[in-house]
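Undergrad: fold the following.
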Amino acid sequence: MHRDLAEKGLVAISVSLDDPKDAATINQVRDFLNKMGAHFPHVVLDEPEEVWSKKLDIAGPPLIVVFDRDGRVAKRFVGGYDKVRPLVEKLLVASGKRP
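TA: I've put the predicted structure just below:
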């Protein structure tokens, strides 16, 4: 989706909840993202699970959060990712950017 809609205004960021001190796992994450062609910023959280699970209000990944252009949460997706793209396209159109 990022490849298709970046020039229309979509910004994607991935967040890994893996232990940043576990070099082997971080390398696996990096390899996976490269294989998938995920050419956008990636962040590895450096907080214990009890901190991020409370802040993000989730028990664990995966989670997709879509924000509007004003930085407000438009919708959170835990599964059902087929509904993410239609929402993103709708938000881009609403902001005057055609997908």
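
Undergrad: centre of the chain to the top helix by length along the chain, how far?
TA: The residue-count maximum for a helix in the chain (DSSP state H) belongs to helix 23-35. The gap between where helix 23-35 is centred and where its chain is centred comes out at 16 Å by CA atoms, centre = their mean, to the nearest Å.

Undergrad: what sits up against that helix?
TA: For helix 23-35, the external contacting residues (CB atoms under 8 Å, 6 or more residues apart in numbering) are 14, 16, 18-20, 42, 44. Glycine gets a C-beta too; all of them are placed from N, C-alpha and C.

Undergrad: what helix or strand is D70 on?
TA: In the assignment (DSSP states H and E), D70 maps to no helix and no strand.

Undergrad: that older thread, list the buried residues for the longest helix of the chain?
TA: Within helix 23-35, the residues scored as buried using 16 or more other CB atoms under 10 Å are V29.

Undergrad: parallel or antiparallel, which strands does the helix or strand following it pair with?
TA: Once the chain leaves helix 23-35, the next helix or strand it forms, by DSSP H and E, is strand 42-44. Sheet pairing of strand 42-44 (DSSP bridges) gives strand 14-16 (parallel).

Undergrad: okay, buried residues for the partner strand please.
TA: S16.

Undergrad: could you give the separation of it from the chain centroid?
TA: Distance, centroid of strand 14-16 to centroid of chain: 6 Å (CA atoms, centre = their mean).

Undergrad: so what touches it?
TA: Applying CB under 8 Å, 6+ apart, the contact partners of strand 14-16 are 26, 29, 33, 38, 40-45.

Undergrad: list the buried ones in stretch 69-79?
TA: Buried residues in stretch 69-79 (16+ other CB under 10 Å): none.

Undergrad: low-confidence ranges in this protein?
TA: The chain contains residues with pLDDT under 70 at 80, 95-99.

Undergrad: contacting residues around stretch 77-85?
TA: Contact with stretch 77-85 is made by 1, 58, 62-66, as judged by CB under 8 Å, 6+ apart.

Undergrad: let's see which of these end up in strands.
TA: The members of those that map onto strands under DSSP state E are 64-66.

Undergrad: for D46, grab the count of nearby residues.
TA: Residue neighbour count, defined by other CB atoms under 10 Å, stands at 10 for D46.

Undergrad: kind regards, and thank you for your time.
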